[in-house]
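# have a look at this fold, sequence not included:
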C-alpha cells in the first residue's frame, strides 16, 4: 500500500459522532461536519464549520470556526451552490435547515415535510437553485431555498432511501439507493411527473416512475456516487461489503420498466458494510470509501497487471468511519469522519 506523504490533520469533538463531512465549493479551506450525540440514536446534533490550513512540510491544521446546536442529530450536510455562506443540513427529526455562516445561532429557514429521519441532502451543481433530500419515509423531495415548501416529491422506494444525488452531467437526472437493494435513476423531465389536473400536484401526490432500476445488491445499498468524468457511470456500496461500478447505459425492459446496468467492476476488501463511496473530482478512475471496519480506503478502477486496485488504507479511526469527502481544489486530499468524533484530513 502507498504510504501517506504526511501525517493527517486531526480534529476531535468529544461527545459527538460524525455522520458527514463536506468541502465548500467556494472556499478551498472550509469544511462542514454534521454530527450527533450518542451516535445518533438519541439526543441533539451539531453542525461544525472547520477551517483546514496547510502548514509548510507538515500536516493540515484543523480549527473549529463556528458550531450550531440542533435538537436532533444531523445525518448529512451540503453546501449551497449559489451562496458561498449557506449550507443545508438533514436531521433525525425529519427537518431540513438552511444555515448562513455569517449568523451565529439560528437557521435562516426550516422545512418540516418528511415524516421520518432525513438521511441525505445534495445540492445540484447544474441547477444551482435546487437541492434534494432523501428520507427513511421512502421519499425524495426537491427544494428551492427561497420557497416555503418542496417543489417536487418522489415516492422513490417503499423503504428507507439512504441517498439521493443529482447527476453532475445532466441536470434532470437523479439517482437513489435504498434498503431494498436497488439503485434507481429518475428523469425529472418524464411525462410521469406532469400534473394531470387542478387537484393533482407534486406536493400531495408523489410521483414514482424511475427510468432505470438497478438490482445492485441482495442487501441494503447505503451509498452511491456519480462519476464526475463518465456520464451514466455510478458507484454503489452497502451492507454486502462490495463496492460496485455500474454502466447505466446498458438497459433492458422488464415488468416494471427499464431494468439493468452492467457491473463493470467490483472492489473487494472491506471487512464490514461500506457506508460511503465517493469518486475523485480529479481522476475518472479513483474513488474513496468509508466503512464500518474503521477504515477509509482509496481504490483505482483501472486494473493494471501486478498492481492491486486497492491503493491505500487509512486506519487511524477507532470507530465506524461513515463519511469521506475529496477536496475540490487540492488533488489527492481527503477528509474522513467517524463515530469516534474525529475528522482526519490527509493526502494519499
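Nice, thanks for sending it over. From a predicted model like this one, the values you see are computed outputs, not experimental measurements. Numbers count the residues shown, from 1 in each chain.

# shaky segments in the stretch 51-200 of the chain?
Low-confidence segments of the stretch 51-200 of the chain (pLDDT under 70): 57, 191-200.

# now do the strands in it.
Along the stretch 51-200 of the chain, the stretches classed as strands by DSSP state E, counting those that start in this stretch are 61-70, 74-79, 86-91, 95-100, 109-112, 118-123, 131-135, 140-143, 152-154, 161-166, 173-178, 182-187.

# the second one packs against which elements?
When you say that, I think you mean strand 74-79. Applying 3 or more C-beta pairs under 8 Å, 6 or more residues apart in numbering; DSSP states H and E, one finds that strand 74-79 contacts strand 16-23, strand 30-37, strand 45-53, strand 86-91, strand 118-123. Placement of C-beta: from N, CA and C, glycine included.

# next, the buried residues of stretch 70-86.
Of the residues in stretch 70-86, 70, 72, 73, 74, 75, 76, 77, 78, 79, 80, 81, 86 count as buried by neighbour count, 16 or more other C-beta atoms under 10 Å.

# picking that back up, nearest to residue 110, of the helices and strands packed on strand 74-79?
Ranking the helices and strands packed on strand 74-79 by their distance to residue 110 (criterion: C-beta to C-beta) puts strand 86-91 first, at 9.3 Å.

# from the middle of its chain, how far away would the closest one be?
Going by C-alpha atoms, centre = their mean, to the nearest Å, the spacing between the C-alpha centre of strand 86-91 and its chain's C-alpha centre is 12 Å.

# quick one on the thing from earlier: can the strands of the stretch 51-200 of the chain go into JSON lines with extra columns for distance to residue 333?
Below are the strands of the stretch 51-200 of the chain laid out as JSON lines (distance: least, C-beta to C-beta, whole Å):
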{"stretch": "strand 61-70", "distance to residue 333": "12"}
{"stretch": "strand 74-79", "distance to residue 333": "17"}
{"stretch": "strand 86-91", "distance to residue 333": "20"}
{"stretch": "strand 95-100", "distance to residue 333": "24"}
{"stretch": "strand 109-112", "distance to residue 333": "32"}
{"stretch": "strand 118-123", "distance to residue 333": "21"}
{"stretch": "strand 131-135", "distance to residue 333": "25"}
{"stretch": "strand 140-143", "distance to residue 333": "30"}
{"stretch": "strand 152-154", "distance to residue 333": "34"}
{"stretch": "strand 161-166", "distance to residue 333": "22"}
{"stretch": "strand 173-178", "distance to residue 333": "26"}
{"stretch": "strand 182-187", "distance to residue 333": "28"}
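
# go through those strands and name the closest to residue 223.
Using C-beta to C-beta as the criterion, the shortest distance between residue 223 and the strands of the stretch 51-200 of the chain is 5.7 Å, found for strand 161-166.

# the closest one pairs with which strands?
strand 173-178 (antiparallel) (DSSP bridges).

# so which residues make contact with the strand it pairs with?
If you take C-beta atoms under 8 Å, 6 or more residues apart in numbering as the criterion, strand 173-178 is touched by 132, 134, 138, 140, 154, 156-157, 159-167, 183-188, 216, 220-224, 226, 234, 236, 238.

# kindly report the same for stretch 306-321.
Outside of stretch 306-321, the residues within contact range by C-beta under 8 Å, 6+ apart are 1-2, 4, 8, 10, 17, 265, 267, 269, 275-276, 286, 290-303, 334, 336-340, 342, 344, 346, 348.

# equivalent analysis for stretch 280-293, please.
Counting by C-beta under 8 Å, 6+ apart, stretch 280-293 makes contact with 225, 227-230, 235, 237, 241, 243, 267, 270-279, 296-302, 311, 320-324, 326, 328, 331-332, 334, 336, 338, all of which sit outside it.

# which ones are touching residue 276?
With contacts taken as C-beta under 8 Å, 6+ apart, residue 276 has the following neighbours: 222, 223, 237, 289, 290, 321, 322, 323, 324.

# give me the element the second one is part of.
Element membership for residue 223 (DSSP states H and E) is strand 221-226.

# avg pLDDT for that strand?
Per-residue confidence for strand 221-226 averages out to 98 on the pLDDT scale.

# partners of that strand in the sheet?
Sheet pairing here is set by DSSP bridges, and for strand 221-226 it gives strand 233-238 (antiparallel).

# the strand it pairs with to strand 182-187, inter-axis angle?
Taking axes from the mean of the first three to the mean of the last three C-alpha atoms, to 10 degrees, one finds strand 233-238 and strand 182-187 inclined to each other by 140 degrees.
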